[in-house]
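Asks: test case, fold it:
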Amino acid sequence: MNIELTPQQKEILIGHLLGDGGFILGKRCINPRFVIGRSAKDFEYTLWSSKILHNLLGSNGISYFDVYDKRTKRIYKRITLRTKSLKELLPFFQQWYPENKKIVPSSIKLTPLIVAVWFADDGWISCRKSKKDSGELCNTHYYECGFSTNGFDYDEVVLLRNLLTTAIGVEFHIYKTKPNCKKGYIIRHSTKGTIALINYIKNIFPPLIRKSNIWKKGVDLWKKEWYPKCIFCNSSNIHHIGKNKMGSNQFKCISCNKNYRDVYKQLQGGVKKAKFINNIYVK
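Replies: Okay, here's the model as predicted:
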């Protein structure tokens, strides 16, 4: 029975291949099977993938098993999704494993769905505090996002960085995490790139809720209706950069590049007013 992969299935496979997924070709097999292994706590996400790839899975499409870690001396619950050995997967295998080793094909193109799945597999967002010149932590927060591309060669990471930059419209950066190693590079960006990344995938996301909740809790990254307009230039092109110790929201104007903050919320209408600018009271 021939199986024709849908465009959505192809994008899901590519997204997982950039992340947690891979192919296995047995010694006696002609056709490969696709496999994803991750923590059992990501059951809902694995189920999401299995529903899209349902016609590629066999009777043991999703399975559970325990893994003993000698370092921590603990047993971890794992979940695996695996397809059947299919000839329809052979072109993918030949493209991504030309010498039985996983690579990033130079012909790859990114879409919002591919990036969303890749991010769910190997992406991250963190909220950090800025540092003063003295090294002391400030009250101002900023965000950082990235992709763990440690398993790819530098040239492949450059390719992915360039593709991300073109697709999202913000120049991402490459950082070395493992010195004296051919691999060990990651792709990341600060608040501006984080906002652009989320805007790029938010209409598709989440496949993985525990990661999307990172920015749904606490500080919002994109403009909301209650954000006060810039009191310098009256622009609405602003974003929330955090809160100070007193709980006041701090904002940054993208248009004039100035910061301001609010100190109270009006009871009627729920409109927030800015009364302090960089700690200077404004009448």
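Asks: what's the neighbour count on Glu99?
Replies: 6 (other C-beta atoms under 10 Å). Backbone N, C-alpha and C define where each C-beta goes, glycine included.
Asks: and the helices in the stretch 1-150 of the chain?
Replies: Along the stretch 1-150 of the chain, counting by DSSP state H, counting those that start in this stretch, helices occupy 7-18, 43-52, 90-96, 112-122.
Asks: mind putting these into TSV with mean neighbour count and mean pLDDT?
Replies: Converted to TSV, those look like this (neighbours: other C-beta atoms under 10 Å; pLDDT from 0 to 100):
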stretch	mean neighbour count	mean pLDDT
helix 7-18	20	95
helix 43-52	17	89
helix 90-96	16	93
helix 112-122	24	92
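Asks: export the ones you listed to CSV and append columns for distance to Val158.
Replies: Formatted as CSV, these follow (distance: least, C-beta to C-beta, whole Å):
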stretch, distance to Val158
helix 7-18, 14
helix 43-52, 28
helix 90-96, 18
helix 112-122, 16
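Asks: for Asn31, find the nearest of those helices.
Replies: Ranking the helices of the stretch 1-150 of the chain by proximity to Asn31 (C-beta to C-beta) places helix 90-96 first, at 5.7 Å.
Asks: what about the closest one, distance to the chain center?
Replies: 25 Å (C-alpha atoms, centre = their mean, to the nearest Å).
Asks: and if you look at stretch 31-40?
Replies: 20 Å.
Asks: buried stuff in it?
Replies: Pro32, Arg33, Phe34, Ile36, Gly37, Arg38 (16 or more other C-beta atoms under 10 Å).
Asks: biggest strand in the chain, by residue count?
Replies: Looking across the chain with DSSP state E, the single longest strand is strand 57-69.
Asks: show me what it is packed against.
Replies: In this structure, strand 57-69 makes packing contacts with helix 43-52, strand 74-83, judged by 3 or more C-beta pairs under 8 Å, 6 or more residues apart in numbering; DSSP states H and E.
Asks: and the buried residues of stretch 31-40 as TSV, adding distance to His54?
Replies: Output for the buried residues of stretch 31-40, formatted as TSV (distance: C-beta to C-beta, whole Å):
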residue	distance to His54
Pro32	19
Arg33	15
Phe34	13
Ile36	14
Gly37	19
Arg38	19
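Asks: select the longest helix from this protein.
Replies: helix 154-168 (DSSP state H).
Asks: what does that helix rub up against?
Replies: The contact list for helix 154-168 (C-beta atoms under 8 Å, 6 or more residues apart in numbering) reads 18, 103-104, 106, 108-111, 115, 147, 149, 152, 171-174, 182-183, 185-187, 193, 196-197, 200.
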